[in-house]
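**Q** Take a look and give me a structure for this.
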Amino acid sequence: MKHIFIIFVLSSSISFSQSTFTFPFSSDSSRWIYVHSNAFTEFTDTISYQLGNDTLMPNKQTYKAYGRNFYFRKDSSRIYQYLSDSSEFVRYDFSKKAGDTISYTTHGSYVYATIITGDQDKTVLGWSRRVMTFHGNGGVWDDVADSIGIMDFSLGTEDYYQLTGAIISGISYGYITSVATKKGLIPNTPYLSQNYPNPFNPATTIGYEISTGMNVRIIITNEIGQQVAILVNSYKQPGSYRIEWNASNCASGIYYCTMSSNGFLKTTKLVLLK
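**A** Prediction:
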């Protein structure tokens, strides 16, 4: 019996034209920094991905390695992924409309079916970007952001990868680790990132960024609005920061992280699972 492996999108059905979406596909110095967390082992590490040089595969197609696990090739609006049996399937097609099935490929005992159902605007590393969300059964899903690339993805219910920084065509976004210099644009407003890992137990990391010196206040509240922690309450110089919240004394549940600074106000949702 074949196992069914379905990738589909769960997001809003706002329509965009193909020309508004760019998937970065260059072998220059571009790189993407992900925080990888495993919900089962509570293991967290940082992984740097970048596109490799052109590689000719046995199916006579040329691909670029993305990190250690994926080989992609780009053909117009489509991104193909290479499979170990020398076949390929359409992982993304940015020209399709909501509800379209964009590929159906058999690989061993698995059937890959890719369906897209919508787009939406999101804040990605401090910038407003169009994001297409591909979501599948078994906890498999990925978000792809216009001009930035794969924003976050999950390989199942346990392994989750979240983009925390990127260097694309010489421009830096978010938090760059193991990079001597950070050049290019920075957001012109403060930025609060989603915590990682999320869900978490008992500690999680929260990143924020400011472009000018200012007073910053970051607090944690519970579901009924009670303040449970003050993480930052001081003047900060321009730059990128990371802070950790250890919730070992808190009960499982939903919490909210709120950053306020010079008229800026943003809240993110955190899930504590013990």
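**Q** Would you map the strands across the stretch 101-250 of the chain?
**A** Taking DSSP state E, counting those that start in this stretch as the test, the strands found in the stretch 101-250 of the chain are 110-116, 119-124, 127-136, 140-145, 149-155, 159-168, 171-174, 191-192, 203-210, 214-221, 227-236, 239-246.
**Q** Which one of those lies nearest to residue 25?
**A** Nearest of these to residue 25, taken as CB to CB: strand 149-155 at 8.6 Å. C-beta coordinates here come from the backbone N, C-alpha and C atoms, glycine included.
**Q** So in that sheet, which strands flank that closest one, and in what orientation?
**A** Looking at strand 149-155 with DSSP bridges, its partner strands are strand 140-145 (antiparallel), strand 159-168 (antiparallel).
**Q** Mean pLDDT and mean neighbour count added to those strands, as a markdown table?
**A** Output for these, formatted as a markdown table (pLDDT from 0 to 100; neighbours: other CB atoms under 10 Å):
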| stretch | mean pLDDT | mean neighbour count |
| --- | --- | --- |
| strand 140-145 | 80 | 22 |
| strand 159-168 | 83 | 22 |
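**Q** Switch the ones you listed over to JSON lines; also include distance to residue 65.
**A** JSON lines is the format used below for the strands paired with strand 149-155 (distance: least, CB to CB, whole Å):
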{"stretch": "strand 140-145", "distance to residue 65": "17"}
{"stretch": "strand 159-168", "distance to residue 65": "16"}
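**Q** Show me what residue 121 is bridged to.
**A** In this entry, residue 121 is beta-bridged to residue 130, by DSSP bridges.
**Q** my read: it touches residue 132, true?
**A** No: under the criterion of CB atoms under 8 Å, residue 121 makes no contact with residue 132, lying 11.1 Å away.
**Q** More neighbours: which of those two?
**A** For residue 121 versus residue 132, neighbours defined as other CB atoms under 10 Å are more numerous around residue 132 (24 against 13).
**Q** quick one: the more buried one and residue 76, what's the gap?
**A** Per CB to CB, to the nearest Å, residue 132 is found 16 Å from residue 76.
**Q** Can you point out the buried residues in stretch 221-239?
**A** Within stretch 221-239, the residues scored as buried using 16 or more other CB atoms under 10 Å are 222, 229, 231-232, 236.
**Q** Which parts of the protein belong to which domain?
**A** Annotated domains of the chain cover 1-184, 186-274 [automatic domain parsing].
**Q** Select from those domains the stretch with the lowest mean pLDDT.
**A** Within the domains of the chain, the stretch with the lowest mean pLDDT is domain 1-184, showing a mean of 72.
**Q** now the closest residue to residue 35 other than its chain neighbours: how far from residue 152?
**A** Once flanking residues are discounted, residue 35 sits nearest to residue 196: 4.6 Å by CB to CB, 6 or more residues apart in numbering. As defined by CB to CB, residue 196 lies at a distance of 9 Å from residue 152.
**Q** for residue 92, same thing?
**A** The gap separating residue 92 from residue 152 is 15 Å, by CB to CB.
**Q** Kindly confirm whether my reading is correct that residue 219 touches residue 230.
**A** Yes: using CB under 8 Å, residue 219 is in contact with residue 230, at 5.3 Å.
**Q** ok so, going back, make TSV out of the strands of the stretch 101-250 of the chain and add distance to residue 263.
**A** Formatted as TSV, the strands of the stretch 101-250 of the chain follow (distance: least, CB to CB, whole Å):
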stretch	distance to residue 263
strand 110-116	37
strand 119-124	17
strand 127-136	18
strand 140-145	26
strand 149-155	27
strand 159-168	25
strand 171-174	22
strand 191-192	14
strand 203-210	13
strand 214-221	10
strand 227-236	15
strand 239-246	19
